[in-house]
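Chemist: This is the structure alone, sequence omitted:
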């Protein structure tokens, strides 16, 4: 016990002069010139000092330096050291160096008992990766963790390199070994052209990864990404968002929501899954909502004048807008020619009209449909009432719009029409059954048929009570009102066609290729088995 108590004493190792002056301090020994002290494993140096041997303390002045082992040194203008509680208070031009970490401040209390240094009148810590400042903070050499509070400012990388990332917060935890900064509370991060707001975020300066929690936000050039959690790499410009994701593009007036989103900014590629939904609000209040199991977007010729994007949606595609709804298995859209293609049992509804076929192509003009092409097994139905439907079927159907209103429909190949004309009192009096090779139908106001053109046709006019049961509906007639999306929320509820009502894909037969052997046999030419071909 005596030995341990002796080791806890502050020892004077050297001084050029030592004297006592009661006018200065009756309790102190006055030391001047190359003063050296030791306390346990710590060495302390200064130009002059007051040594209070009775209280095991000292006050050091001028070129103060405190060295602990080979890794930690502390310098300043003034040092107040108490050997009983092992507390060193360093003032003015304070510099603490621990490995590759340097702390700058004017007021530092270093507690050797708990191995922690506190600064409370503003401080700065510089590592090989980051430069951090705050009003108050602490550093623990044992764990190599720094804590910053109030007006925290982080710059990465540290000067003199050009800053790539800046972080502003009120509470920051930083590990100088892993270079991971943990921001807590309202925080903003500027990462290149990307602005980030988070209330709980982790930034790794070694691999440039950001992990953002607690409903964080990222914005860049009119684009904003919000998610329960976001992972972002600023160098590769690759990010992932999880949980209640909202991606908004104000410039292009569209958005994407879902529970997972992957984004590659350099390639212009994004993927949305798990309740993925695309919103197009370019038409103001009349927003288009589209859902699919997976939605992928690609950008071509990025950062050039000929840039364009494509979207691939699959499977269980459902879309809703007040004036139009649709379903299909897969969908493709390109901004290059503003064309949208729907595949595998596609159906489109506009008002009381239903349109279906094997493939539907829609050409857009300022986000409104300019024309629609329906290919193979086409069927157009208009519901008059629960028993009567205007019906048109054919091989191909081309419909042309003007300001969102149907103006003309051109049907080609095996055209069959069931049409219910109305009298002057808007009453149905008969059904016209017509067959032709081609038909053009011109629409007037209120979607009423103004004129029908056919090159040649055969038809029958049936009064309503005398319509044969086998003629009332065309062979491929189906009314899929139970499939139709009814609201923006309804696009997430998949309802497929009832079994047996799916379209049977038409087989596109190919002309058989002739083979040389077959031609030789046909003309009686037999090749000698011993002959060699040249």
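Modeler: Ah, there it is. Please read these numbers as outputs of a predicted model, since none were measured by experiment. Numbering: from 1, shown residues only.

Chemist: wait, residue 57 sits on residue 82?
Modeler: Yes. Counting by CB atoms under 8 Å, residue 57 does reach residue 82; the two are 4.6 Å apart. All C-beta spots, glycine's among them, are computed from the backbone N, C-alpha and C.

Chemist: Beyond the helix or strand containing residue 458, next helix or strand please.
Modeler: According to DSSP states H and E, residue 458 maps onto strand 457-463. Using DSSP H and E, the next helix or strand after strand 457-463 towards the C-terminus is helix 469-472.

Chemist: name the helices or strands packed onto that following helix?
Modeler: Applying 3 or more CB pairs under 8 Å, 6 or more residues apart in numbering; DSSP states H and E, one finds that helix 469-472 contacts strand 430-443.

Chemist: what angle separates the strand it packs on from strand 457-463?
Modeler: 130 degrees (axes from the mean of the first three to the mean of the last three CA atoms, to 10 degrees).

Chemist: partners of strand 430-443 in the sheet?
Modeler: strand 405-419 (antiparallel), strand 449-453 (antiparallel), strand 457-463 (antiparallel) (DSSP bridges).

Chemist: Please point out the stretch among those strands with the lowest average pLDDT.
Modeler: Mean pLDDT is lowest for strand 449-453 out of those, coming in at a mean of 82.

Chemist: Pull the residues that contact that one.
Modeler: If you take CB atoms under 8 Å, 6 or more residues apart in numbering as the criterion, strand 449-453 is touched by 419, 439, 440, 441, 442, 443, 444.

Chemist: Report how many residues lie close to the residue nearest to the last one when sequence neighbours are not counted.
Modeler: Distance criterion CB to CB, 6 or more residues apart in numbering; nearest residue to residue 444, sequence neighbours excluded, is residue 450 at 3.7 Å. Summarising burial for residue 450: neighbours were counted as other CB atoms under 10 Å, giving 11.

Chemist: Residue 450 and residue 426, how far apart?
Modeler: The gap separating residue 450 from residue 426 is 16 Å, by CB to CB, to the nearest Å.

Chemist: for the nearest residue to residue 8 once chain neighbours are set aside, what are its contacts?
Modeler: Distance criterion CB to CB, 6+ apart; nearest residue to residue 8, sequence neighbours excluded, is residue 83 at 6.6 Å. Neighbouring residues of residue 83 by CB under 8 Å, 6+ apart: 8, 9, 10, 39, 56, 57.

Chemist: show me what contacts the first one?
Modeler: Shown in contact with residue 8 (CB under 8 Å, 6+ apart): 39, 40, 56, 83, 84.

Chemist: Tell me how this structure divides into domains.
Modeler: 1-72, 93-156+165-212, 346-480+490-495 (automatic domain parsing).

Chemist: gap between the two ends of the longest one?
Modeler: To tie it back to what came earlier, the one meant is domain 346-480+490-495. With CA to CA, to the nearest Å as the measure, domain 346-480+490-495 spans 13 Å from end to end.

Chemist: what about it, distance to the chain center?
Modeler: In terms of CA atoms, centre = their mean, to the nearest Å, the centre of domain 346-480+490-495 is found 42 Å from the chain centre.

Chemist: cool, stretch 10-23 as well?
Modeler: 68 Å.

Chemist: next one: stretch 298-310
Modeler: 19 Å.

Chemist: And stretch 485-502, by the same measure?
Modeler: 28 Å.

Chemist: pLDDT on that stretch, on average?
Modeler: 86.

Chemist: Ok, stretch 18-38 next?
Modeler: Average pLDDT, stretch 18-38: 91.

Chemist: What is the end-to-end distance of that stretch?
Modeler: Note: stretch 18-38 ends 17 Å apart using CA to CA.

Chemist: do the same with stretch 421-434
Modeler: By CA to CA, the extent of stretch 421-434 from end to end equals 13 Å.

Chemist: which parts of that stretch are buried?
Modeler: Buried positions in stretch 421-434, judged by neighbour count with 16 or more other CB atoms under 10 Å: 430, 431, 433, 434.

Chemist: Residues contacting it, please?
Modeler: Contacts for stretch 421-434 (CB under 8 Å, 6+ apart): 384, 388, 415-420, 454, 457-464, 467, 471-472.
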